[in-house]
Each structure stands twice: as C-alpha cells, then as structure tokens.
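Visitor: Make a model of this:
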Amino acid sequence: MPVRQLPEQIVNRIAAGEVVERPASVVKELVENAIDAGASRIDIFTDGGGRRKIAITDDGGGMTAADLALAVERHATSKLDDEDLLQIRTLGFRGEALPSIGSVARLSITTRHKSEPHAWALAVDCGDKSPIVPAALNQGTRVEVADLFHATPARLKFLKTDRTEAEAIREVVRRLAMARPDIAFTLAGEERAPVTWAAALPGAPGQLTRLGDILGADFRSHAIAVRSERDHVMIEGFAAAPALTRANALGQYLFVNGRPVRDKLILGAVRAAYADYLPRDRHPVVALFVTLDPREVDANVHPAKTEVRFRNAGLVRALIIHALKEGLAREGRRTAANDGGATIAAFRPAFAPPRPANWDWQRSPSAPVMPHFGGSFPSAAPSPAATSFGLAESTQSAFDVGTPRADLRLHEQPAAPDLLDRPLGAARTQIHDTYIVAQTRDGLVIVDQHAAHERIVYERLKASLAAHGVQRQILLIPDIVELDEAIVEALLARSDELASFGLAIESFGPGAVAVRETPSLLGKINASALLRDLAEHMEEWGEALPLERRLMHVAATMACHGSVRAGRRLKPEEMNALLREMEDTPNSGQCNHGRPTYVELKLADVEKLFGRR
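Guide: Next up is the predicted model:
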C-alpha cells in the first residue's frame, strides 16, 4: 500500500482520540483555557452528562476576530511566547483542544476582547468552519459543545451513563477549583443542583476555605498545614490528621505549578509519610501543591497532561515526606475521637426505662440514696433500675484504681494540682483493666493503655535504630537467590543503600544474587521473597526504600508485643507515668496501627450532656 497524506479532518479526529476521551476531557480543556485567559469567574453547564451539551462561560481576556479565526486551527496557541517547551507556565499549550473538539462535535465560540466594539462568533461542525460573524457578549468567552461524538458514533458506545459522566465532570471541576481558589466557579446542569464556589482570599486561609468547601467540613476541622522548601522547590498545602481516612487514594489531590496531576512518585511519598499513622487498608486525605521552576518539570509526557516528570524526583519526594511528617508530628495528639461530636453522641443514652406517669423519684421506695458531700457511697443494696443499667458495677469500677486495696481508692488519691494542668491531666482510675481515666483542669481524658504504650515503645525502637544503626547478622552460608536479570540489576544498583539497612548483597553470576548479611531485627527471613518485594517497590516508588518500612513494620510488631497489654491492672503511679510519657512522645495521638490512643471530653461537653449548658 503506498504512503499517502491523511486529510485534515481525519488528522483532527485522530488527535481528538487522544485529547477528547469523554465529556469530562472537554470540560477540562475548556476550563483550563478560561483559567489561562485570566478569568475571575467561570460558569459550567452540562446536559446529558456532557453528551448533549457543554457550555462554559468566563470573564477572561477574550479574543479578537483574528485570534478567533486561528484558535480553531491545529497547533495554534496563545500560551507560548516562543518555541521553548521547557518554559510552560500555562495549563494548555499544544493548541489541539478546540480543533479536536470541533472535529467530533458541534462547536460554537462567542468571544469579545476589550479592544473590540462587539463580540465575534464562530461555529465548527465536525471540522467544517463557518464564517466569523458579529455577536453580543460582555468581555470574555462562551464556548458551547453540542452532540459530542455525533461524528464518531462508535465512541458513543464507550461512554457510561449520564450520571457517571456527570460525576466525572464534577471531579474535574473540583480539582481545577481546588487549584485556583481565587477564581469563582459555578457548576450546573440537569444532573445536579447548581454548585457555586465563591472566590477566596489569596494565601493559606483562602486555600483552606476553598478546600473545605469542596472536601467538606470534616477535612477543614482535621486539616494540618504543611510546608517545606529547598533549592527553589516548595511543597505546601493541607493534610488531614490520621483520623480522617478513606478506603482508597481518591482523596489525595496533587497539584504541580497549579496543574492537577496523578503522579505515582507523589502518591508513594504520601503513603510513606503516613506509614506510621494509618492501618494498611486506609488512605489519608491530602491536598498538596508543588511549586518549582518550569524547567525542572516536564508537563508534556501525557496527551491529557495528567502526568508530569520531575528532573530531581528524589528532592520532590523528600520534601513531601518531610513536610507531611513535620506537620503530623506537630499535631501528633490530634485524633478523630477527639473532635468531640461523635464522642458526645456516643455518651447520650439511647433509651430511657419506662416510668408511670405519676412516678416521683423522691418518693419511690427504690430511689437510690444520694451520697453526702465528702463521704462515700452507702452500702445499701442498689435499686433494680440501677442494677439493670450496671450502676452499682460502674460505681465500684470508677472508684477502683488498679487493685481493690482500700489505699488505692480514687477518693483517697487526690491529684497534685500541677498534674491537672498537664495536657493529659492526672490519672483518676482504671476501668475494665484497659482504659485510664484522667482529669484535666477543664475536662477528662480516657486513654487506651495498650495503644498508648505501643506508640511509646515503637518510637523508642525507631530512635534506637536511628542512633545505633541496624544490627546485622552474617549468614554462615550465603543465600543464593535466582531472579530475573532486570531485577538483579535494579537491586545491585542500590546495593550500597541496602547495605545501610543491614542487607548485604552481591552479584552471583547472571540472574542471581548472593545474600551475605541480613538485618538482625528481621530474624529468619525468606530472602527470595524479600528481594522480589524490594525490587517491585523500588520500581513503583523510585527513590523510596521499602526495606526501611519493612524494618519499621517489624519494630511496630515488637512494640505491640512488648507493650502494656489490655487487661493488666496498673497502679496510680504507673498510670501517671504512662500519661507523662505520652506527652513527651511524638505522634502519641494514635498507635502505630492508626488507632487513637485517647479521647478527650471538655468540661463544657460534659455539662451539655447533663443539661447544665
């Protein structure tokens, strides 16, 4: 078959296959154009999940008649001052979006530049351009796309339901709105009630306002500001406290120079930073903004511009981990259980026992005898009602501290005044041999003794590893592991780094590795499985060292088995010692499995429970 030049319409439709994947792709390209045009307000309307109609209006700079004529030509753009593709400072720069959309749909553009006396309009129907005609519009641009993919019916078969496509559009707009809190967005259509995000003030407060509007009040209340900068690379944004998690990584929003991206390097860095805080099956919620010189990042590696490539990926990853860890350590005692609402709701009685209409508790023969101030509870038998609620049992346990000896009764163990002013207060009692109840100056704290001590022991192990290095065990007979040659090369390239974590390997011919030393902390290991996992994770996380995380996992397991167990009775001095260590231990708000170590109730919350407020 001879070589021939493809017609322009076919070329445009081929390009559209890369740029216009679904209605959400059209919305993304058009909203990015509006942002690049300097818009302060962008209105988006869709119908039929974007299949029947997409309309986007902005108040940006607009276009002149001459610019409008060029805008629908292939590879025509206003986003590049020259031919330097390393200085990309805009969201769009290829000049493919409008001609690609016009080749598979009915496209109409109405625009007005401030230098023009009126607006101009242009229509493109499956690649056929109409003449430019005068129109009416305030300064800005309005783009309408109708009957998407009607020129390529086969593409329609791959679209999902209107509701699903509308949700994809919503997610695209959400991400762009998070990236630009200074721009007001409105999203409307028959699939949803109109949603408006007002423009926010510049800076971190405005950014958090926009993130809270989109991600919800939970994120706003749990948000921790993070920031790190080095060598002209800056990481900033907000990360949710470890208590606010998701079942997947869809709650992680990442932006590079204002561009929403999905990058494996950044996702891996987030996962590594939260490794000590979350269970394996939970994922954090973060919104991180990476700002660096455009020459240090390649935004042209994906047709939809959803992926980027960093020149110094290791620096970006290290800064993300440092920013997140520093923020999490700074707010180490924040947990979901401490936000009050759910805890207060759990304390409210779910039901009350039925009583006769004329029942008077003061005259009832079964009414409990109230104690005198300063005295102890009487030894009279509890009422049936009290017994049904475990009142006698709860009263007794509330006054026991560690052992049933009389000298350990709570009312005989007044707390030192200075302890009440400590963050976790003074220990008052132990209930169910598992939970420590402490009193603070303005409330009370309930501590899970096992979870709390587990974090303390874990942090000690980490500090020991950092101070003294990883102890090694030399194998009497080296373990020979046969692997794929590519895997062997990847491992040997990082052999020095692996050796710093106690794993000494060397080449043993083609496709084989000899393991001569292993970390003592790991004990007896399956060397083959370990090396395969290491190579797999290295490929996925780049500069990350999953061996370190494996060591931390072993340290966490040791901490769990070496901690105070639930069911062990503690003396008052032991409970207070545990509280003091928690106050001095980083990340003490949750154990190394991600569970909260304590909950706190302010006195005002307790008073609300009893109707005092």
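
Visitor: mind showing which ranges of the protein have poor pLDDT?
Guide: The model of the chain has pLDDT under 70 over residues 1, 9-19, 79-87, 92-95, 191-192, 301-305, 332-417, 470, 521-523, 536-567.

Visitor: Identify the single longest helix in it, thanks.
Guide: Taking DSSP state H as the criterion, the chain has its longest helix at helix 449-468.

Visitor: part of a strand, is residue 568?
Guide: No. Counting by DSSP: H, G, I helix; E, B strand; the rest coil, residue 568 is not part of a strand but coil.

Visitor: Number of residues surrounding the nearest residue to it once chain neighbours are set aside?
Guide: Sequence neighbours aside, residue 433 is the residue nearest to residue 568 in space, at 6.4 Å (criterion: C-beta to C-beta, 6 or more residues apart in numbering). In this view, the C-beta of every residue, glycine as well, is placed from N, C-alpha and C. For residue 433, the number of neighbouring residues by other C-beta atoms under 10 Å comes to 15.

Visitor: Relative to residue 578, how far out is residue 433?
Guide: Going from residue 433 to residue 578 by C-beta to C-beta, to the nearest Å gives 14 Å.

Visitor: Same question for residue 116.
Guide: Distance, residue 116 to residue 578, by C-beta to C-beta: 74 Å.

Visitor: just residue 491 next, same as before
Guide: Residue 491 sits 43 Å away from residue 578, taking C-beta to C-beta as the criterion.

Visitor: End to end on stretch 209-228, go ahead and measure it.
Guide: This stretch, stretch 209-228, spans 21 Å end to end (C-alpha to C-alpha, to the nearest Å).

Visitor: what residues does it touch?
Guide: Outside stretch 209-228, the residues within contact range by C-beta atoms under 8 Å, 6 or more residues apart in numbering are 174, 177-178, 181, 197, 200-201, 204, 208, 234-241, 243-244, 251, 285, 287-288, 319-320, 322-324, 326-328, 330-331, 334, 336, 339.

Visitor: Let's see that with 6 Å instead.
Guide: Contact with stretch 209-228 is made by 174, 178, 181, 197, 200, 208, 235-241, 244, 285, 287, 319, 322-324, 327, 331, as judged by C-beta atoms under 6 Å, 6 or more residues apart in numbering.

Visitor: now do stretch 270-286
Guide: Contacting residues not belonging to stretch 270-286 are listed as 219, 239-240, 242, 244-246, 248-249, 251-252, 321, 324-325, 544, 549, 590, 592-594 [C-beta under 6 Å, 6+ apart].

Visitor: One more pass at 7 Å, please.
Guide: Outside stretch 270-286, the residues within contact range by C-beta atoms under 7 Å, 6 or more residues apart in numbering are 215, 219, 237, 239-240, 242, 244-246, 248-249, 251-253, 320-321, 324-325, 328, 544, 549, 552, 587, 590, 592-594.

Visitor: Please check those residues and keep the buried ones.
Guide: Buried members of the contacts of stretch 270-286, counted by 16 or more other C-beta atoms under 10 Å: 215, 219, 237, 239-240, 242, 244-245, 251-253, 320-321, 324-325, 328, 544, 549, 552, 587, 590, 592-594.

Visitor: Could you tell me how far stretch 322-330 lies from the centre of the chain?
Guide: A distance of 14 Å separates the centroid of the chain from that of stretch 322-330, by C-alpha atoms, centre = their mean, to the nearest Å.

Visitor: Quick one: name whatever helix or strand follows the longest helix of the chain.
Guide: Moving toward the C-terminus from helix 449-468, the next helix or strand (DSSP states H and E) is strand 472-482.

Visitor: Could you name the helices and strands sitting against that following strand?
Guide: Where contact means 3 or more C-beta pairs under 7 Å, 6 or more residues apart in numbering; DSSP states H and E, strand 472-482 is packed against strand 512-519, helix 527-541.
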